[in-house]
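J.: Pasting the sequence and the predicted model now:
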Amino acid sequence: MKNIVTALLSFAFCLIKWQQAVAQKNTGNEGLIRGLFEAINRHDSLAVANFFDDSARLESPNWQGQEKGKQGVTTIYSRYFKGTPDIRFIITNMVEGDGAVVVEYTFGGKFSNPEPGTPAYMNNKTYLLKAATRYNISHNKIVYAVSYFDQVDFLRQVGYTFP
């Protein structure tokens, strides 16, 4: 009987420690980024922008130059949500450092509402891409984000053929 009680107490202690670890993972910078991805998957560009500092800088191979501030964030994500109304972002790995979080994720959907001037063959094509973003964080706001993904893979998936 004593062994059963000891085993149950040990199990309870381990369970409490595990719950504390999970709770701790959902706070701080990692929690901030998980909240960001939840807002992205709700397609709420205003909520997404609120995770960023007013003077945040963003870079990606998907556009020329840097985007800046909450207006830049709203512009970028509104574009993604409009072009691919069913777009989803799924975190596959996250590494938190001092003042930064690097996230690996997949994203994709059906490119069913491309911007004017987009070649017709891209319309209604489904794509799924791997990506990574480094988020620099200060005072619980994202101050810099740089994203990487394979633009050539995207073009292939939406029907572009290279000469």
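T.: The structure has been received and is ready for your questions. Everything numeric in this text was worked out from a predicted model, so none of it was measured. Residues are numbered from 1 along each chain as shown.

J.: which residues touch the most centrally placed residue in the chain?
T.: Centroid-nearest residue in the chain, with Cα atoms, centre = their mean: F37, separated by 4.7 Å. Taking Cβ atoms under 8 Å, 6 or more residues apart in numbering, we find F37 in contact with 89, 91, 103, 105. No exception for glycine: its C-beta is placed from N, CA and C like everyone else's.

J.: what are the phi and psi values for the first one?
T.: This points to F89. As for F89, its main-chain torsions (degrees, to the nearest 10) stand at phi -120, psi 130.

J.: Straight-line length of stretch 114-128, end to end?
T.: 16 Å (Cα to Cα, to the nearest Å).

J.: Count the neighbours of the closest residue to F51 other than its chain neighbours for me.
T.: Leaving aside its sequence neighbours, F51 sits nearest to L36 (Cβ to Cβ, 6 or more residues apart in numbering; 4.5 Å). For L36, the count of nearby residues is 22 (other Cβ atoms under 10 Å).

J.: Enumerate every residue touching L36.
T.: Per Cβ under 8 Å, 6+ apart, neighbours of L36: 48, 51, 135, 142.

J.: Quick one: the helices in this protein, in order.
T.: 2-25, 28-41, 45-49, 69-83, 151-157 (DSSP state H).

J.: what about the residue nearest to Y148 when sequence neighbours are not counted, how many neighbours?
T.: Nearest residue to Y148 in three dimensions, chain neighbours excluded: A132, at 5.2 Å (Cβ to Cβ, 6+ apart). The number of residues packed near A132 is 14, by other Cβ under 10 Å.
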